[in-house]
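Asks: Sequence isn't available, so here's the structure alone:
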């Protein structure tokens, strides 16, 4: 516990402040205001209202002091209490005893001005932890260098186009990523149990169906051509709704009706128009620029991870759960702003945010420790974002979001995210300073493109609930295929 006596001339208060430290980021503060200061505030308050007070039988400014104090005691007491508390809080926080990161936790309604003696009130407040500025110059860092190749551009462009176009018929061998128009027949002991007709499937290593997974789908279908029929076996999952087929291995015949592939070089004008471009070259240039922007982001993120890991190695302060909970949403907001300015799509941003939410507490604790350390270095370097930096940031977000800077600023101010924007700018500036002062070794970065999924899913039951295991009486199946038709899923 520490006791601080603050005495100042003129309008500042003479206070006795006792500060207890229940934890690294929490303070319990007891404030005592001497009776003389209370009386000074009362005098000032009554002096202010005396010329304007209106009582029947008295001219303005001529009301006797004792009558004035009697009639307006309640109003003035509330005013003095509020002024004493607010001025005390301001004086304490400005005094540098601690750096607050939240509003004081105080039951203001329970605070009472005493009729005699000194005025005392208390509050709890969350503060930045106290620690020495870590050594940040000369850190050994690895800087990943990314080269966006034509192959990367083709790959990313094909991925983008696959979402908006079915592709064109391809007369050749199927490859991973192609779309296949397939028929699939499933049978057990020579008896057909279900048929998947004219389904468009993206060729991946696995084909996931509702009640089974074709584990060797890629191995089976890569190199196939239109008209080919290929056979394999698949085991119905133990979780199948059809108990009779649980764990049963069934035969599958895939028939390739058509192979479709996105023709990156031969895009039609209608497809180009649908994505807002005039020609393929312009579209490719846009995709390359977006990949390069994301490569720059990944480079900076890897540098940031190295730097913060080194800087917070000894930052094992206890962070109160209430602080972590309150800061979780702000950290999510900061990451969203950061991703948006770097050109990530809404789908990509949602993926990152969902991942953070699943591990929100740990993510936020790490982010808070990083922020405290980076802000400490910023204070040592007198770094504070300028108005022009806010403007640049807002303009970049507006460009990525396709709305006006004015709308972006209004939204940030309305939702209280300007502070998150400030932290983002400040932290990035500090990271850049540390990188410039570090011992940086350049290394080749891996591709920034995420690996393609290894599985494609189709909602189809191989063994419908109504289907029973074949029995011997069906050995002689009618030529008209009536059994097939009776069990084919609708």
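Replies: Sure thing, it's come through. All values reported here derive from a predicted model rather than from experimental measurement.
Asks: List the buried residues for the host helix or strand of residue 363?
Replies: Element membership of residue 363 [criterion: DSSP states H and E] is helix 360-380. By neighbour count on 16 or more other C-beta atoms under 10 Å, the buried set for helix 360-380 is 360, 363-378. Every residue, glycine included, has its C-beta placed from N, CA and C.
Asks: who touches stretch 422-433?
Replies: Contacts of stretch 422-433 with the rest of the structure, by C-beta atoms under 8 Å, 6 or more residues apart in numbering, involve 300, 303-304, 307, 334, 337-338, 370-371, 374-375, 377-378, 381, 383-385, 389-390, 393.
Asks: In ChimeraX, how would I select just the buried ones from the residues you listed?
Replies: Applying 16+ other C-beta under 10 Å to the contacts of stretch 422-433 leaves a buried subset, and the ChimeraX line that selects it is:
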select :300,303,304,307,334,337,338,370,371,374,375,377,378,383,385,389,390,393
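Asks: what is the mean pLDDT for the helix holding residue 363?
Replies: On average, the pLDDT along helix 360-380 is 90.
Asks: next SSE after that helix?
Replies: Helix 360-380 is succeeded, C-terminally, by helix 387-401 (DSSP H and E).
Asks: and that next one, average pLDDT?
Replies: For helix 387-401, the mean per-residue pLDDT is 90.
Asks: by contact count, what packs against that helix?
Replies: Secondary structure elements in contact with helix 387-401, counted by 3 or more C-beta pairs under 8 Å, 6 or more residues apart in numbering; DSSP states H and E, are helix 321-341, helix 405-414, helix 418-436.
Asks: Now do the strands in this protein.
Replies: 2-6, 15-23, 26-33, 119-126, 140-145, 168-169, 179-188, 191-202, 206-209, 212-214, 229-235, 249-261, 439-444, 455-457 (DSSP state E).
Asks: The fifth one packs against which elements?
Replies: Meaning strand 140-145. Looks like strand 140-145 contacts helix 280-311, strand 439-444 (3+ C-beta pairs under 8 Å, 6+ apart).
Asks: Now mean pLDDT and distance to residue 451 too, for those, in a markdown table please.
Replies: Shown next, in a markdown table, are these (pLDDT from 0 to 100; distance: least, C-beta to C-beta, whole Å):
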| stretch | mean pLDDT | distance to residue 451 |
| --- | --- | --- |
| helix 280-311 | 91 | 15 |
| strand 439-444 | 96 | 18 |
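Asks: Looking at the ones you listed, spot the one closest to residue 209.
Replies: Closest to residue 209 of the helices and strands packed on strand 140-145 is helix 280-311 (C-beta to C-beta; 33.2 Å).
Asks: now that closest one and helix 360-380, what's the angle there?
Replies: Inter-element angle recorded for helix 280-311 and helix 360-380: 80 degrees (by axes from the mean of the first three to the mean of the last three C-alpha atoms, to 10 degrees).
Asks: Next, the buried residues of helix 280-311.
Replies: So, applying 16+ other C-beta under 10 Å, buried residues of helix 280-311: 280, 283-284, 286-288, 290-295, 297-300, 302-304, 306-308, 310-311.
Asks: How is the chain divided into domains?
Replies: Per automatic domain parsing, the structural domains of the chain span 2-126, 166-261+460-487, 279-444.
Asks: among these, which is nearest residue 152?
Replies: Closest among those, using C-beta to C-beta: domain 279-444, at 6.1 Å.
Asks: Just the endpoints, please. Distance across that closest one?
Replies: Counting by C-alpha to C-alpha, to the nearest Å, you get 33 Å between the two ends of domain 279-444.
Asks: And that domain, how far out from the chain middle?
Replies: The chain centre lies 10 Å from the centre of domain 279-444; the measure is C-alpha atoms, centre = their mean, to the nearest Å.
Asks: OK, contacts around residue 267?
Replies: Residue 267 neighbours (C-beta under 8 Å, 6+ apart): 161, 280, 283.
Asks: Apply 10 Å and report the result again.
Replies: Neighbouring residues of residue 267 by C-beta atoms under 10 Å, 6 or more residues apart in numbering: 157, 161, 165, 168, 273-275, 277, 279-280, 283-284.
Asks: One more: residue 276?
Replies: So residue 276 contacts 282-283, 286 (C-beta under 10 Å, 6+ apart).
Asks: distance of it from residue 153?
Replies: Remark: distance between residue 276 and residue 153 (C-beta to C-beta, to the nearest Å) = 18 Å.
Asks: Likewise for residue 409?
Replies: Taking C-beta to C-beta, one finds residue 409 at 34 Å from residue 153.
Asks: do you know which of the helices and strands packed on strand 140-145 lies nearest residue 201?
Replies: helix 280-311 (25.5 Å).
Asks: Who are the packing partners of that closest one?
Replies: strand 140-145, helix 150-162, helix 269-274, helix 321-341, helix 360-380, helix 418-436 (3 or more C-beta pairs under 10 Å, 6 or more residues apart in numbering; DSSP states H and E).
Asks: So which elements touch the second one?
Replies: If I follow you right, that is helix 150-162. strand 249-261, helix 280-311.
Asks: switch the cut-off to 6 Å
Replies: When contacts are defined as 3 or more C-beta pairs under 6 Å, 6 or more residues apart in numbering; DSSP states H and E, helix 150-162 packs onto helix 280-311.
Asks: Sketch out the low-pLDDT regions of the stretch 51-200 of the chain for me.
Replies: 53-54, 57, 59-62, 68-70, 163-164 (pLDDT under 70).
Asks: and if we set it to 80?
Replies: 51-73, 158-167 (pLDDT under 80).
Asks: nearest to residue 455, of the contacts of residue 276?
Replies: residue 283 (28.7 Å).
Asks: related to what we said a few turns ago, mind checking which of the contacts of residue 267 are buried?
Replies: 157, 161, 165, 277, 280, 283-284.
Asks: on that earlier part again, tell me which of the helices and strands packed on helix 280-311 sits nearest to residue 446.
Replies: Nearest of the helices and strands packed on helix 280-311 (C-beta to C-beta): strand 140-145, 7.8 Å.
Asks: in the closest one, what counts as buried?
Replies: For strand 140-145, by 16+ other C-beta under 10 Å, it's 141, 143-144.
Asks: give me the number of residues near the closest residue to residue 260 other than its chain neighbours?
Replies: Counting by C-beta to C-beta, 6 or more residues apart in numbering, residue 260 lies nearest to residue 167, which is 3.7 Å off, once chain neighbours are set aside. As a burial measure, residue 167 scores 19 neighbours (other C-beta atoms under 10 Å).
Asks: how about residue 167, what does it touch?
Replies: By C-beta atoms under 6 Å, 6 or more residues apart in numbering, the contact list for residue 167 reads 179, 260-262.
Asks: just to revisit the earlier point, what is the helix holding residue 363 packed up against?
Replies: Where contact means 3+ C-beta pairs under 6 Å, 6+ apart, helix 360-380 is packed against helix 321-341, helix 418-436.
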